[in-house]
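Chemist: Would you be able to build a 3D model of this:
(one chain, ligands or ions: 1)
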Amino acid sequence: MSKYELDFFVSWEELHKAGRLLAKTLHELGEWKGILTVTRGGMVPSAIIARELNIRLIDTICISSYDGQDRGNFQLTKAPKQDNQGKGWLIIDDLVDTGKTAAEVRARYPNAHFATIYAKPAGIEYVDSYVEEVTQNTWIRFPWDMKLSYSDPIVKGG
Ligand SMILES: O=P(O)(O)OC[C@H]1O[C@H](OP(=O)(O)OP(=O)(O)O)[C@H](O)[C@@H]1O
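Modeler: Next up is the predicted model:
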């Protein structure tokens, strides 16, 4: 049985708004050399932040660990070399959940600034900036994982 009891549905508009809020925070912190995007979840947030902060230098850290809601094999397929352990760079992901991905990435780039849109308590210690905290038992449904579909009226079970 899944340990996630709650669904948190995020629309494109909400994601865009949260991404802009994160960009504002990051802008106030100073100048950034570039973005290291944690694929795939960090790609849309990175696009929003890159546009707002006029960042054109973007690289990827290719890593995955989930198969649906199940934690699968941890796979790191690409981690670019960085001068000075990532100093002056932003690392962007959509969320930290257990913090395992963030811990792995941080160990490689300890001087970079790790930022996410959402953070759950177990992973929050690895994040320098985030927009919103959600509970550990919540599964976040990002807009790229959803489609519009018909819903029954509430009186009919919708
Ligand atoms: O804090 P953690 O428990 O490590 O979970 C967070 C990570 O899990 C998700 O990626 P996922 O492994 O699902 O890869 P994907 O974004 O390519 O689907 C998410 O984008 C984070 O990178």
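
Chemist: Only C-alpha atoms from now on, for both contacts and neighbour counts.
Modeler: Noted.

Chemist: neighbours of residue 30, just the number please.
Modeler: Neighbour count of residue 30, defined by other Cα atoms under 10 Å: 8.

Chemist: Over to residue 6?
Modeler: 12.

Chemist: residue contacts, the closest residue to it other than its chain neighbours?
Modeler: Closest residue in space to residue 6, ignoring its immediate chain neighbours: residue 138 at 4.5 Å, by Cα to Cα, 6 or more residues apart in numbering. Taking Cα atoms under 8 Å, 6 or more residues apart in numbering as the contact definition, residue 138 lies against 4-8.

Chemist: just those residues now: which is nearest residue 24?
Modeler: residue 8 (23.7 Å; Cα to Cα).

Chemist: Lowest pLDDT pick from the contacts of residue 138?
Modeler: Lowest in pLDDT among the contacts of residue 138 is residue 4, which has 91.

Chemist: any idea how far the residue lying closest to that residue once chain neighbours are set aside is from residue 45?
Modeler: Nearest residue to residue 4, sequence neighbours excluded (Cα to Cα, 6+ apart): residue 137, at 4.4 Å. Residue 137 sits 23 Å away from residue 45, going by Cα to Cα, to the nearest Å.

Chemist: more crowded one of these two?
Modeler: Shown here are residue 137 and residue 45; by other Cα under 10 Å, residue 45 has more neighbours (23 against 14).

Chemist: how much space between the more buried one and the ligand?
Modeler: 10 Å (Cα to the nearest ligand atom, to the nearest Å).

Chemist: Up against the ligand, what does this structure have?
Modeler: Contacts of the chain with the ligand, taken as Cα under 6 Å from any ligand atom, map to 39-41, 64-66, 93-101, 123.

Chemist: Show me what the longest helix along the chain is packed up against.
Modeler: If each helix of the chain is counted by residues according to DSSP state H, the longest one is helix 12-29. On a contact count with 3 or more Cα pairs under 8 Å, 6 or more residues apart in numbering; DSSP states H and E, helix 12-29 meets helix 43-53, strand 113-119, strand 129-133.
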